[in-house]
Every structure is written in structure tokens, then in C-alpha cells.
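Asker: here is my input; please provide its structure:
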Amino acid sequence: MQTSKQIAVVGSGLVGSLLAIYLRKAGHSVHIYDRSPDIRQIQFSGRSINLAMSNRGWKALDGVGIGDAVREIAIPMDKRAIHLVDKLNFQNYGQEGESIYSISRGILNRKMIDLAEAAGAEFFFEQKIWDVTLADATLHIGETERGAWEDKKYDMVFGADGAFSRIRHRMQRQSMFNYSQEFLNIGYKELNIPANADGSHKLDKNSFHIWPRGEYMLIALPNLDGSFTCTLFMPFEGENSFDLLKERKDVVSFFETNFPDSIDVIPELAEDFFKNPTSTLVTMKCFPWTYGDKVALIGDACHAIVPFYGQGMNAGFEDISILYEMMEKYGEDWEMVFSEYEKSRKPNADAIAELSYRNFLEMSSKTADDKFLLQKKIEKVFSDRHPDKWIPLYSRVTFSDRPYSEALAIGDLQNAIMQKVLLTKDIEKIWDSKEVEDKILELLR
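Answerer: Purely as a prediction, here's the structure:
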């Protein structure tokens, strides 16, 4: 327990709610502000990608004893189901018993707010934060940006208000503040596979379903009610783009041609397509993340990433784990806590941003490539035989809490080795041989 401080968290999303629970655990008074209505009182749909909880996220939840409450609303996925145009392949994620977990964003967010309230945090919804005075942690709240504001002074403010954070917007006006954002030319749209009449799933419920088609792809993740949340990722313009799907017949024809096995399981395809918005994908980087001992950014507010590794939430939750480690290590010295937190997390945030971008190429193209699938088979066999020498990149990111930056560096080394191995004569026939095993061992020296 620390000396109690009055702390404001801006943003009632997943990261803001979990941060509040940790701050309450440390003995602080916590107010959470959000410009949106209470998500528990409104319908949440139309622009979501289901979450994939993995080790880093579970570690943060278990650290405050709420992991089991969240596991009740999660579905394990131990493999990818790869829907090619003419066949279905399965690819296990990790070792026996290792899974990522599908969770509806709306359901989890409601649960996290309930848990934060139970821990003693107070929520203030429909409160628009327009600015913050960094020097004394004062929030400025009002109905409009140009109208009258009410001032709320705190000992400390955390910006957990997402990729377009108002707290970061103020910090950007300091000198020596580095900031960049990059939008992909690919957008996404939510679709839905409803449950069967008896409530069962139409597809294998323990798989992450992918329809890889190169520059575009469809994914589907299971929900507790028997449905799947689907997401179509696609360029905004050009061949095979959102720009060309103007009418109902265009959408139906496109899916019949490119995702033929999805037609029967998405009965409201055209309705969902035109009802739900086409959303953008952005990578945002900045530094510093903190101001003295008064203000700190966390989660997407300081490192928004594209969703293709399923690590956005997990990385944000890991921010909190690391912040809390620094609180335990440095106690009341909040300037040191903030400084060490941002120094620890920044290289890892940059690494998972790079890995997430690369994983789009893997999911959309390489999962349909025979050479890539052979590489994964060789890696799996070698890893099983030599677990002390080879942990695949995906496992380092997903089933470990080792630094992302380490996973990126070792993953690059492993891929360079595998590219040499794949040049071996008749590799398709001898991939599971001692010759190939010995070659990898030699290249690892």
C-alpha cells in the first residue's frame, strides 16, 4: 500500500478499468472519466474485432485476482482454421494445452467496469475532458471545446483514452515530444455468423477462423452465445476493395467468388455489410509517455497498433503489470516510477507494432502458402525435440511474458535460419529428417 493519492483515469475502456483496479489495490482513490455513455446501458455492436486474450493479459488479470472472472466469458482457441477456396486446413498455435481466448470486447468491457466499481473506483460517464494542465494534474471538463469548463484537480492523471487521446494531445504541445501516426490503406468491417437454432456454433468453436486471400481476408472468432464475430479486412480502393462493393449484388457476388463456404453461415451478409461502418486501422507512436510525477499515458494512448497479432489489449494490460512492478520497486518516488515505466515499455511497444504489421502478411497470404506451412511444420518438430533451443516467434509473443523486443530479435534470427533450411534439396521430402535437424543445430551455433 502507498500513501493514498487522488488519481484520475481518463478512459473507461479495458486498460483504464484494469488500471483503476491496480491503483485501488495500492490504496489510491480513483475517479474514471469517459466522454461516452456507460457501455453497460447501451447496445455495443457494429465496429468491433473480438479480443484474443493470451499470457500477458492473463498475467495482468491474475495479478489482481480477477482472471477467473474473465475466464468465465472466454472461449479457448487452440488452432487456426484456414479456409482456402477449395479446402480447410488446421494449424495448432502452440504446445498441447496452449490456447488464445476469444472474448467479446463489449462483454469484457462491461465486466471490467463492474470489477473496477467493486474494487472501489468511481466512474463518471458522459464527461468530456478537453484539456489537462500537466504541471498540476488538473482536468478541464465541459460540454463543448469552446464553452465553459469545470476544473478538477488531482494528484495524478492517467491518459487511457485511446489512439486519439486528449491527454496525449496536450502532451504533444511540449517541446521535444515525438509523435507519429500511420494509417493502413486497409479498413475493416464487422459481420456476424449467428448461432444454430439450438445455440451451437456453425463452425468449430475452438478455432480462430481465417479466410486468407492475399491483400484481403476474413476472420471469425467465437462468442459464448454460439455466434461468431467476423471481420473483413480489405483495401479501401483498388482491385478487391471496399470501394467496389457499392450494392447488395456486388457484396454477394464477391463473397460467393472469394469466400464460398461463408455464404451459408452469414445469412445477413448484405444487411450487416451496409449497416456497419468501415473503420480504419492506425499505428501510433510517441515519446515521452509521462510528465514529471503528474501525468502518464498508458495503452493505446501511447502505442496504438494494428490488430493482426491480437496483442493490443494484451500489450496495454502488460503496461499495467510493468507500471505496478515499478510502483512496488520505487514506492513513493512517482517520478522514478514513471521514468522507469516508460523506458521499459517503449522498446517493447515499438517491437509489437512492427510484429503486428508483419502478421497481417502472415495471416492474409502466408497461411495459404505451401512453403510457409512447411516452414511451420519444421519449426514445430524441431521445437518439440529441442524446446531449450527453439521457441517459435508466435509462442514467444503469445504464450510468454518475455519482452516483445526480444521476441522480434530472436524471431528475425530464426526466420533467417529457416530460409536457409528451406533451400535444402528435396526439403519437401526430408523435412522431418535428422539431416534437417542437424542443419538447424549447426546454424544455431
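Asker: list the contacts for the closest residue to residue 230 other than its chain neighbours?
Answerer: Counting by C-beta to C-beta, 6 or more residues apart in numbering, residue 191 is the residue found nearest to residue 230 once chain neighbours are left out, at 4.0 Å. (Glycine included, C-beta is placed from N, CA and C.) Listed by C-beta atoms under 8 Å, 6 or more residues apart in numbering, the contact set of residue 191 reads 218, 230, 231, 232, 266, 269, 272, 273, 276.
Asker: mind listing what the fourth one touches?
Answerer: If you count contacts by C-beta under 8 Å, 6+ apart, residue 232 has them with 188, 189, 191, 216, 217, 218.
Asker: just to check, the fifth one is in contact with residue 209?
Answerer: Meaning residue 217. No: the pair residue 217 / residue 209 is not scored as a contact, 10.5 Å apart, by C-beta atoms under 8 Å.
Asker: state whether the residue nearest to residue 230 is indeed within a helix.
Answerer: No: applying DSSP: H, G, I helix; E, B strand; the rest coil, one finds residue 191 to be strand, outside a helix.
Asker: which of the contacts of residue 232 lies closest to residue 287?
Answerer: Lowest distance from residue 287 to the contacts of residue 232 (C-beta to C-beta) belongs to residue 188, with 27.6 Å.
Asker: re the thing from before, can you select the buried ones from the contacts of residue 191 in PyMOL?
Answerer: Entered in PyMOL, the line below selects the buried ones among these, by 16 or more other C-beta atoms under 10 Å:
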select buried, resi 218+230+231+232+266+269+272+273+276
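Asker: please flag which of the contacts of residue 191 sit within strands.
Answerer: 218, 230, 231, 232 (DSSP state E).
Asker: and the gap between the last one and residue 261?
Answerer: When C-beta to C-beta, to the nearest Å is the yardstick, residue 232 and residue 261 sit 15 Å from each other.
Asker: ok, now how distant is the residue lying closest to residue 201 once chain neighbours are set aside from residue 198?
Answerer: Setting aside the residues directly before and after it, residue 201 is nearest to residue 226 in space (C-beta to C-beta, 6+ apart), at 5.3 Å. Distance from residue 226 to residue 198, counting by C-beta to C-beta: 8 Å.
Asker: okay, the two: which has more neighbours?
Answerer: Neighbours were counted for residue 226 and for residue 198 using other C-beta atoms under 10 Å; residue 226 has more, 17 against 6.
Asker: where are the low-confidence patches of this protein?
Answerer: Per-residue confidence for the chain (pLDDT under 70) gives these ranges: 44-47.
Asker: what lies in contact with the one helix or strand residue 18 maps to?
Answerer: Per DSSP states H and E, residue 18 falls inside helix 14-25. With C-beta under 8 Å, 6+ apart as the test, helix 14-25 has contacts from 7, 9-10, 30, 32, 34, 51, 60-61, 63-64, 66, 105, 108-109, 112-113, 115-116, 119-121, 158, 160-161, 298-300, 313, 316-317, 319-320, 323-324.
Asker: one more time with 7 Å
Answerer: 7, 9, 30, 32, 60, 64, 66, 108-109, 112-113, 115-116, 119-121, 158, 160, 298-299, 313, 316-317, 320, 324 (C-beta atoms under 7 Å, 6 or more residues apart in numbering).
Asker: so which of those sit within helices?
Answerer: Taking DSSP state H as the definition of helices, those contribute 60, 108, 109, 112, 113, 115, 116, 313, 316, 317, 320, 324.
Asker: so what's residue 195 up against?
Answerer: By C-beta under 7 Å, 6+ apart, the residues touching residue 195 are 201, 225, 226, 227.
Asker: please indicate which of the contacts of helix 14-25 are buried?
Answerer: Buried by 16+ other C-beta under 10 Å: 7, 9, 30, 32, 60, 64, 66, 108-109, 112-113, 115-116, 119, 121, 158, 160, 298-299, 313, 316-317, 320, 324, out of those.
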